[in-house]
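A.B. asks: Take a look and give me a structure for this.
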Amino acid sequence: MRRRSVLFAGALLLAGCELPSFGAPDPASAQGSDVESMWKLFFLAGLVVAAFVWGLIAFVTIRCRRRDDTIPNQRSGNIRLEILYTATPIVVVAVLFGLSVATEQRLTRTADHPAFVVNVTGFQWGWRFEYPSEHVTVLGTGESTPPELVLPVDETVQLVLSTNDVIHSFFVPHFLEKRDLIQGVDNKIDVTPTKVGRFDGRCAEFCGLDHWRMNFVVDVMSRADFDQWLAAHR
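C.D. replies: Residues are numbered from 1 along each chain as shown. Okay, the predicted model is just below:
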């Protein structure tokens with residue numbers, strides 16, 4: 001009874017605590033939160049498996065160390081134990097694989113009616129962000145003043161990704177996902193920003209000598225400020 005009480009109290013304590021990010025940037029989008037949750041799950045699963053293996057090694061090292069010249073038990077095997085240590089890794093991998101597929105499907109699913117559509121075009125060496133329904137286009141390179149991709153907070157925006165030349169890669173670290181821009185490939189992603197602020201973006205695919213110039217900024221603002229920005233740039 002005491003053991004159950006301790007386990008229950010520990011579960012409540014962990015439920016009330018926010019897990020560390022384990023090195024990942026603080027997500028600024030709903031899709032990034034999904035990626036962060038998977039990362040934390042895999043990290044914790046790895047820690048549990050490692051602790052279990054280290055525990056077994058320590059147990060065998062201490063418990064089965066040689067004390068005298070007595071010959072150890074020569075039993076050839078233990079069927080139940082062999083089934084257990086064969087089935088357990090399979091179950092762990094199957095569960096993690098299933099959760100990975102579910103997360104991937106959520107990330108690649110696109111909305112039929114997003115709040116806005118932005119055409120993102122990469123070129124050597126800069127970016128063009130076009131809001132077709134609003135007749136607004138932002139064009140520039142990151143050499144001096146990086147171009148800004150302006151998005152409204154808490155609304156789903158669909159980014160249609162294309163390239164005019166070589167392969168580029170759209171990457172915003174705080175979104176915790178990236179997607180390649182490939183000629184002839186219809187790539188698009190949905191982004192739902194959850195935090196107001198400015199977030200750095202860059203091309204994550206080496207695309208030539210001036211690859212370093214392909215920086216940009218994502219400026220997430222309230223819907224009212226976003227509407228004002230559109231009106232000023234329309």
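A.B. asks: what bits of the protein have low per-residue confidence?
C.D. replies: Per-residue confidence for the chain (pLDDT under 70) gives these ranges: 1-21.
A.B. asks: how's it carved up into domains?
C.D. replies: With domains defined by automatic domain parsing, the chain comprises 19-65+78-108, 116-233.
A.B. asks: host element of Glu130?
C.D. replies: Taking DSSP states H and E as the definition, Glu130 sits inside strand 126-131.
A.B. asks: So which bits of that strand are buried?
C.D. replies: Residues of strand 126-131 classed as buried by neighbour count (16 or more other C-beta atoms under 10 Å): 126-131. Quick note: C-beta positions are derived from backbone N, CA and C, even for glycine.
A.B. asks: one step back: could you single out the most deeply buried of the domains of the chain?
C.D. replies: Ranked by average neighbour count under the criterion mean count of other C-beta atoms under 10 Å, those are headed by domain 116-233 at a mean of 17.
A.B. asks: and the residue positioned nearest the centre of the chain, what does it touch?
C.D. replies: Per C-alpha atoms, centre = their mean, the C-alpha nearest to the average position across the chain is that of Val35, at 3.1 Å. By C-beta atoms under 8 Å, 6 or more residues apart in numbering, the contact list for Val35 reads 24, 27, 103, 107, 176-177.
A.B. asks: same thing but at 7 Å, please
C.D. replies: Contacts of Val35 were listed using C-beta atoms under 7 Å, 6 or more residues apart in numbering, and they are 176-177.
A.B. asks: Kindly export the strand holding Glu130 (C-alpha atoms) in PDB.
C.D. replies: As requested, the backbone C-alpha atoms of strand 126-131 are provided in PDB (Å, rounded to 0.1, in the frame of the first residue of the first chain):
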ATOM      1  CA  GLY A 126      17.300  35.600 -51.000                       C
ATOM      2  CA  TRP A 127      13.600  35.100 -50.300                       C
ATOM      3  CA  ARG A 128      10.300  36.400 -51.700                       C
ATOM      4  CA  PHE A 129       7.200  36.200 -49.400                       C
ATOM      5  CA  GLU A 130       4.000  36.800 -51.400                       C
ATOM      6  CA  TYR A 131       0.500  37.200 -49.900                       C
END
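A.B. asks: Direction included, what does that strand pair against?
C.D. replies: Strand 126-131 has the following strand partners under DSSP bridges: strand 116-123 (antiparallel), strand 136-140 (antiparallel).
A.B. asks: Just the CA coordinates for stretch 132-139, please, in CSV.
C.D. replies: What follows is the C-alpha trace of stretch 132-139 in CSV, where atoms were taken according to Å, rounded to 0.1, in the frame of the first residue of the first chain:
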residue,chain,number,x,y,z
PRO,A,132,-1.5,36.6,-53.1
SER,A,133,-5.0,37.4,-51.7
GLU,A,134,-3.7,40.7,-50.3
HIS,A,135,-1.4,41.8,-53.2
VAL,A,136,1.6,42.2,-50.9
THR,A,137,5.1,41.0,-51.7
VAL,A,138,8.2,41.1,-49.5
LEU,A,139,11.6,40.6,-51.3
